[in-house]
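1. pasting the structure only:
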């Protein structure tokens, strides 16, 4: 009689290795904080603690508002907004899509290219929110509701290391 254990044990080990090879691996930085994110909802509640039972402190109505994620607690994220306010938001209300907000201090020039001598396209007011593209040599690609151009990186909140 054939000993099935001798056949099945090595076979199961080989199959297990094959499954491990095709199992998706999480990116290492999925768990690392801090990181930049943006609000990914028309209305998003910021709570004083990590759970639905905690009271709502702020209600955001600004999709793409950049936020800094400071801590993770299950499906909740401790975030900091551009004003420095902190609180807890569900991960489903956030996106890894990078965004920026024009800092206080007057109008900011949006240029056709990422350099000082490039033609100016618009002057952007403080508080304007837009999606970020690549930041290079002190300039960031910036899309404020279809108005696309380049803004100095130091004029945007949401750039650089979080």
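-> The structure has been received and is ready for your questions. All of these numbers come straight from a predicted model, not from anything done at the bench.

2. how close does the residue nearest in space to the middle of the chain sit to residue 122?
-> Against the mean C-alpha coordinate of the chain, by CA atoms, centre = their mean, the closest residue is residue 37 at 2.0 Å. Going from residue 37 to residue 122 by CB to CB, to the nearest Å gives 26 Å. Where C-beta positions appear, they are placed from N, C-alpha and C, glycine not excepted.

3. was I right about residue 85 contacting residue 58?
-> Yes. Using CB atoms under 8 Å, residue 85 is in contact with residue 58, at 6.5 Å.

4. sorry, back to before: so the residue nearest to the centre of the chain is in which element?
-> According to DSSP states H and E, residue 37 maps onto strand 35-39.

5. now do the buried residues in that strand.
-> Neighbour-count burial for strand 35-39 flags 35-39 (criterion: 16 or more other CB atoms under 10 Å).

6. what of stretch 67-79?
-> Buried residues in stretch 67-79 (16+ other CB under 10 Å): 67-69, 72, 76-79.

7. hang on, the earlier thing: starting from the strand holding residue 37, tell me which strands it pairs with and how they run.
-> strand 66-73 (antiparallel), strand 94-95 (antiparallel) (DSSP bridges).

8. right, so of those, which gets closest to residue 141?
-> Each of those has some distance to residue 141 by CB to CB; the shortest is strand 66-73, at 14.5 Å.

9. mean confidence score for that closest one?
-> Average pLDDT, strand 66-73: 98.

10. again with stretch 101-116
-> Mean predicted confidence for stretch 101-116 is 97.

11. what do residue 85 and residue 58 both touch?
-> Taking CB atoms under 8 Å, 6 or more residues apart in numbering as the contact rule, residue 85 and residue 58 both touch residue 46.

12. got the contact list for stretch 54-64?
-> Contact partners of stretch 54-64, identified using CB under 8 Å, 6+ apart, comprise 38-48, 81, 85, 87-88, 97, 99, 129-131.

13. one step back: could you check the pLDDT of the residue nearest to the centre of the chain?
-> For residue 37, the predicted pLDDT is 98.

14. how far away is it from residue 68?
-> Residue 37 is 8 Å from residue 68, where distance means CB to CB.

15. likewise residue 151?
-> 19 Å.

16. check contacts around residue 79.
-> 37, 46, 67-70, 86-89, 94.
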